[in-house]
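Participant: sequence first, predicted model second:
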Amino acid sequence: MANYTTDTLPDKYHKALISWQKKYFHDLDYLADHWSDYYRQEPFHLMAKIGELRKPVIEVGKYKGREKFKKASEMDEEVLEACAAIVRAQASTELGSIQQHRESLHKAQDPKIQFDVLRIMAEEFRHAYQMVYVLASDNWTKGGKDLVSEVLEGLLSMETGSHVLDAFNLYFDSFVDNVTFAAIIDRVGKYQLTMQSIFSYEPMARSMPPMLVEEAFHLASGVNPLKTWASQAAEEKGNVSILNIQKHINKWFPRGLEMFGDERGGSKNIEFGFKPMKNLEAQELYVKEVQKEVVDVLNVAFVLTRYKSWTRQQASNLIHQILTSGEPLSGILPEDLLILPSVKFFRRRGIHAYLMSDIQGSLFQTPKEYEQYLRKNLPDSYITGPDFAQYLENLKKHYKGEEVKEGKLPFYG
Ligand SMILES: [Fe+2]
Ligand SMILES: [Fe+2]
């Protein structure tokens with residue numbers, strides 16, 4: 001039995017989201033028609049899910065011990081605005097990811113993996129629906145302005161390139177992007193949702209547990225195909241090389257780090273009872289998890305495909321030796337293995353912004369050298385695109401000591 005109740009949006013908002021779906025996400029109909037070809041679980045339904053609370057009281061910050069806010073009107077203006085901004089940013093990422101996924105969904109070679117990504121898109125759509133529901137179920141009128149209609153209008157008119165978080169402004173060029181995004185960027189989502197399950201505004205806190213269940217599927221749908229590709233690469237089969245996977249990790253991981261917000265910030269989230277951790281603390285846990293659940297898993301899959309009778313421990317030991325010595329061992333080359341980029345690599349926000357660090361954390365001296373390095377270590381399709389051009393322009397400005405204006409990052413993380 002599901003431990004949540006369900007609800008739908010008032011007609012006006014429901015229709016607005018459906019018309020967005022008709023415009024940007026027609027494949028949702030295909031998902032409904034073919035669900036039972038792939039899954040035994042209950043089919044997808046667009047609805048709000050209201051889950052259980054971890055605790056009825058606010059767990060951190062200046063309201064600690066108080067009952068959670070049931071209504072927006074119980075929050076003072078600063079908290080209310082910050083809360084609305086988080087809900088809006090969350091909804092924006094959900095819709096943004098659908099627009100990205102659809103760019104290269106058709107490039108998938110395997111119908112099951114493709115269908116899994118389609119399901120991710122449907123669930124992200126439900127997450128956006130959920131966030132609109134959080135806003136629409138309460139009165140957020142401020143200074144005579146109806147915040148819900150305003151937010152909804154803004155959300156529904158967004159295109160890739162105008163989202164509030166950078167990771168959702170990057171174009172997907174190949175199906176490797178769909179999958180790497182699920183493994184790396186959805187994992188940030190998991191961290192945000194986990195933290196937000198203590199949220200001081202009760203409807204937001206209740207939204208998190210059902211979303212987290214769906215998020216677990218997204219992460220697995222990212223890691224499993226990567227694992228398959230790494231194993232195929234070990235047998236010199238398949239179409240996705242280790243170098244290609246590495247380049248996609250290099251593209252996405254820095255943007256994932258930045259979704260936690262500036263490394264020096266996050267104290268307001270604790271003060272207002274939104275999240276239990278500051279940005280850096282959460283980001284550090286995330287880094288460890290990407291290492292363990294993505295990079296290590298893929299490297300072990302590669303080695304165990306070559307040496308089928310080995311244990312995981314034997315594989316891990318060999319990987320460690322190869323990566324620390326930089327020398328080939330047992331027929332496996334250092335470049336057969338993936339590495340997690342340094343947190344300083346390819347950054348544009350936070351304490352490491354524009355540091356010109358390589359993947360290992362060593363610094364380059366000039367933008368020219370760094371540009372050459374990045375061109376070799378990022379996907380070919382990405383370095384010819386608009387985001388990379390923008391990055392280089394900003395890097396040169398930063399190097400000359402000019403102020404760089406990255407798009408405004410909302411109160412998120
Ligand atoms: Fe989501
Ligand atoms: Fe997700």
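Facilitator: Received it, and whenever you're ready, just let me know what you need. Ligands and ions are numbered 1, 2, ... in the order given.
Participant: now the strand or helix carrying residue 381: buried residues?
Facilitator: Element membership for residue 381 (DSSP states H and E) is helix 380-383. By 16 or more other C-beta atoms under 10 Å, the buried positions in helix 380-383 come out as 381, 382, 383. Every C-beta, even on glycine, is put in place using the N, C-alpha and C of the backbone.
Participant: same deal with stretch 343-351?
Facilitator: Of the residues in stretch 343-351, those buried (16+ other C-beta under 10 Å) are 343, 344, 345, 346, 347, 348, 349, 350.
Participant: is ligand 1 contacted by stretch 81-88?
Facilitator: No: Stretch 81-88 stays clear of ligand 1 (C-beta under 5 Å from the ion), getting no nearer than 13.0 Å.
Participant: list the buried ones in that stretch?
Facilitator: Neighbour counts over stretch 81-88 (16+ other C-beta under 10 Å) mark 82, 83, 84, 86, 87, 88 as buried.
Participant: and of those, the nearest to ligand 1?
Facilitator: Using C-beta to the ion, residue 87 comes nearest to ligand 1 of the buried residues of stretch 81-88, at 13.0 Å.
Participant: contacts only, for the closest one.
Facilitator: Each residue near residue 87 by C-beta atoms under 8 Å, 6 or more residues apart in numbering is listed here: 131, 134, 135, 151, 204.
Participant: now residue 234
Facilitator: Listed by C-beta under 8 Å, 6+ apart, the contact set of residue 234 reads 301, 302, 303, 305, 306, 336.
Participant: now those as CSV including pLDDT, neighbour count and secondary structure?
Facilitator: CSV is the format used below for those (pLDDT from 0 to 100; neighbours: other C-beta atoms under 10 Å; DSSP: H, G, I helix; E, B strand; the rest coil):
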residue, pLDDT, neighbour count, secondary structure
301, 98, 21, helix
302, 98, 24, helix
303, 98, 24, helix
305, 98, 17, helix
306, 97, 16, helix
336, 98, 20, helix
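Participant: and of these, the nearest to ligand 2?
Facilitator: Proximity of those to ligand 2 (C-beta to the ion) peaks at residue 301, which lies at 22.8 Å.
Participant: check contacts around the closest one.
Facilitator: Contact analysis of residue 301 by C-beta under 8 Å, 6+ apart lists 227, 230, 231, 234.
Participant: against residue 30, how distant is it?
Facilitator: Residue 301 is 31 Å from residue 30, where distance means C-beta to C-beta, to the nearest Å.
Participant: quick one, helices of the stretch 51-200 of the chain?
Facilitator: In the stretch 51-200 of the chain, the segments counted as helices under DSSP state H, counting those that start in this stretch are 77-104, 111-136, 147-156, 175-196.
Participant: redo those as CSV? Include mean pLDDT and distance to ligand 2.
Facilitator: Converted to CSV, those look like this (pLDDT from 0 to 100; distance: least, C-beta to the ion, whole Å):
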stretch, mean pLDDT, distance to ligand 2
helix 77-104, 91, 7
helix 111-136, 96, 6
helix 147-156, 80, 17
helix 175-196, 96, 4
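Participant: quick one: those helices as JSON lines, columns for distance to residue 214 too.
Facilitator: Output for those, formatted as JSON lines (distance: least, C-beta to C-beta, whole Å):
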{"stretch": "helix 77-104", "distance to residue 214": "11"}
{"stretch": "helix 111-136", "distance to residue 214": "4"}
{"stretch": "helix 147-156", "distance to residue 214": "20"}
{"stretch": "helix 175-196", "distance to residue 214": "9"}
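Participant: now do the contacts for residue 404.
Facilitator: 353, 354, 394, 397, 398.
Participant: most neighbours among those, please name it.
Facilitator: Within those, neighbour counts (other C-beta atoms under 10 Å) peak at residue 354, which reaches 19 neighbours.
Participant: next, give phi and psi for that residue.
Facilitator: Residue 354 adopts backbone torsions of phi 60, psi 30, taken as degrees, to the nearest 10.
Participant: which residue, neighbours along the chain excluded, lies closest to it?
Facilitator: Counting by C-beta to C-beta, 6 or more residues apart in numbering, residue 354 lies nearest to residue 398, which is 4.1 Å off, once chain neighbours are set aside.
Participant: secondary structure element for the one you found?
Facilitator: helix 386-399.
Participant: so which elements touch that helix?
Facilitator: When contacts are defined as 3 or more C-beta pairs under 8 Å, 6 or more residues apart in numbering; DSSP states H and E, helix 386-399 sits against helix 367-377.
Participant: buried ones in the helix it packs on, by neighbour count?
Facilitator: 367, 370, 371, 373, 374, 377.
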